[in-house]
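J.: Need coordinates for the following:
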Amino acid sequence: MTFPLAACAEMLWRDRPIEWRASRLKEMGFGVGLWNWPAWDLAKLEATGATFTIMNGYLEGRLADDAGADLLLASARETAQVGKRLGVHRLNLHGTGLGDGGIPIWQTQVVTGAMWLKARDTLNRICDLGAELGVVFTLENLNLLDHPGCPFGSTADVLALVSSVNRPELRINLDLYHTQIGEGDLIRWCEKCLPWIGEVQVADNPGRCEPGTGEINYHAIAKDLKTMGYSGPVGLEGFARGNEEAALEAFRNAFTV
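T.: Sure, this is the predicted structure:
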């Protein structure tokens, strides 16, 4: 297999306990992605022996103002300790916290120059925290159709911020489902982001389900990622159109090149 593969446990087998989902993903040879940790029994997750690849790296806060940055740093410090307990590889961030249905808690239509400078300063503080604790954070792009008013949500904005900070404690979580909706041109965005990618996340569009259920040719993208020299993690952050096992095998097949 060319890439280490994982899947978001919170989007699959949603009628099963989270530790069952983690165990099943481990049995099938996948790493496990998580969202917010307070909903889950950490001891039960630890006991699965699963490889936890990524989880949300904060519970509250935002990048572009003083109060939000302080909340984010405090929340990230607490969450990083949970991540270290589970052995999580990457701790994921967004421009602002997300509420029910992924709607940004703090929305803005205009991002000013001062906000850009503050966001870069906040991310440097995040990198200082990462260096102190020995953890890696990622910044994820989000499409504005599903996440209206989210600052720094576009692929271009995430690339601009992460590349300007340019520290090993901060990488891009390049979510190609969101890029497809927001910008398209997926292979060229992979090329542009390549030096800073910490993880590639995928789901087909429309529907946010496994590869082969929508318009994206993920097998072609996988071949181009391999040609570019990318051998890092790829995570399915999507739902199953029907049977979860079949969806995961479709994902595996798309990224076996």
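J.: how close does Ala247 sit to Asp146?
T.: Per C-beta to C-beta, to the nearest Å, Ala247 is found 20 Å from Asp146. For every residue, glycine as well, the C-beta is placed using N, CA and C.
J.: okay, these two: which has more neighbours?
T.: Neighbour totals were compared for Ala247 and Asp146, and Ala247 leads with 22 against 17 (other C-beta atoms under 10 Å).
J.: Next, the contact list for the more buried one, please.
T.: 12, 209-210, 236, 238, 240-241 (C-beta atoms under 8 Å, 6 or more residues apart in numbering).
J.: Could you rerun that using 6 Å?
T.: Counting by C-beta atoms under 6 Å, 6 or more residues apart in numbering, Ala247 touches 210, 240.
J.: Do a quick rundown of the helices in the stretch 101-250 of the chain.
T.: Along the stretch 101-250 of the chain, counting by DSSP state H, counting those that start in this stretch, helices occupy 113-133, 155-165, 176-182, 186-193, 218-228, 244-254.
J.: ranking those by burial, who's on top?
T.: helix 176-182 (a mean of 24; mean count of other C-beta atoms under 10 Å).
J.: what does that helix contact?
T.: Contacts of helix 176-182 (C-beta under 6 Å, 6+ apart): 141-143, 145, 154-155, 186, 189, 202-203, 205, 208, 216.
J.: give me that answer again for 7 Å
T.: Here helix 176-182 makes contact (C-beta atoms under 7 Å, 6 or more residues apart in numbering) with 141-145, 154-155, 186, 189, 200-203, 205, 208, 216, 238.
J.: Looking at those, which are in strands?
T.: Mapping the contacts of helix 176-182 onto strands (DSSP state E) picks out 200-202.
J.: got these as JSON lines, with distance to Leu129, neighbour count and pLDDT columns?
T.: Below are those laid out as JSON lines (distance: C-beta to C-beta, whole Å; neighbours: other C-beta atoms under 10 Å; pLDDT from 0 to 100):
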{"residue": "Val200", "distance to Leu129": "24", "neighbour count": "24", "pLDDT": "98"}
{"residue": "Gln201", "distance to Leu129": "23", "neighbour count": "26", "pLDDT": "98"}
{"residue": "Val202", "distance to Leu129": "28", "neighbour count": "29", "pLDDT": "98"}
